[in-house]
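In: My questions are about this predicted structure, shown below with the sequence.
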Amino acid sequence: MLGVCITTNTYAEKADQDKPIILEADKVSVNDVQQIYELDGEVLLTKGSILITGQKGNIKVDPEGYEYVDVQGKPETTASFRQKREGPADEFVQGLGQTVVYNAKTELLTLTGDAHLKRLHNMQLLDQLRGWKIEYDDVKQYYKVHPPINAKAEALPLARAILSPRRKATLEK
């Protein structure tokens, strides 16, 4: 399997962990006993600086209070994720895909289906990734970009990354 793996040196906004989840959708179903929330139509999830949008979604809260979020887009629209980064002011990670999955406990973001992920500082592009599936692990500080499982060698490259030099990116604060 072809993939691109890149490490970074900024972290998710830690204050997000203690913020409430605000859910908006055309339809919201709540199962308080099992801590499962189902969202349908024009989904908007906000938790601190985290913003997730899509067409349909599920949220499961584990006994420790960590959320597992799974949001899908429609064929003509994608799901999206955006989060402010800890450290330099005005640094964000934002991504698009047919599916956005975020595990708050492990701080793992997975974008699937024509996925795009960008890291921005003062709205200036630092890193840009594209592939069938992108994983961003905030704890281990790396990106992984995967082509489709059934990709043929003659169709490669199906994973792409454009990265800013780290020295320059960290000096411009």
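Out: Yes, it's here. Numbers count the residues shown, from 1 in each chain.
In: For Asp16, which three-state class applies?
Out: helix (DSSP: H, G, I helix; E, B strand; the rest coil).
In: what number of residues lie near it?
Out: 16 (other CB atoms under 10 Å). For every residue, glycine as well, the C-beta is placed using N, CA and C.
In: In this structure Tyr143 contacts Gly131, no?
Out: No. With contact defined as CB atoms under 8 Å, Tyr143 does not reach Gly131; the gap is 9.7 Å.
In: Tell me which of these two has more neighbours.
Out: Taking neighbours as other CB under 10 Å, Tyr143 and Gly131 compare with Gly131 leading, 28 against 23.
In: so how far is Val28 from the more buried one?
Out: Applying CB to CB, to the nearest Å, the value for Gly131 to Val28 is 32 Å.
In: for Lys133, same thing?
Out: Distance from Lys133 to Val28, by CB to CB: 28 Å.
In: could you pull out the helices for the protein?
Out: For the chain, the helices defined by DSSP state H occupy 166-171.
In: What are the boundaries of the strands in it?
Out: 4-7, 11-12, 22-24, 27-31, 36-47, 50-61, 67-72, 79-86, 91-97, 99-103, 108-121, 124-137, 142-146, 160-163 (DSSP state E).
In: want to try TSV for these, with distance to Ala153 and mean pLDDT as columns?
Out: Output for the strands of the chain, formatted as TSV (distance: least, CB to CB, whole Å; pLDDT from 0 to 100):
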stretch	distance to Ala153	mean pLDDT
strand 4-7	16	45
strand 11-12	36	50
strand 22-24	43	93
strand 27-31	44	95
strand 36-47	37	96
strand 50-61	33	96
strand 67-72	30	97
strand 79-86	30	90
strand 91-97	24	93
strand 99-103	26	97
strand 108-121	20	93
strand 124-137	15	91
strand 142-146	15	89
strand 160-163	16	76
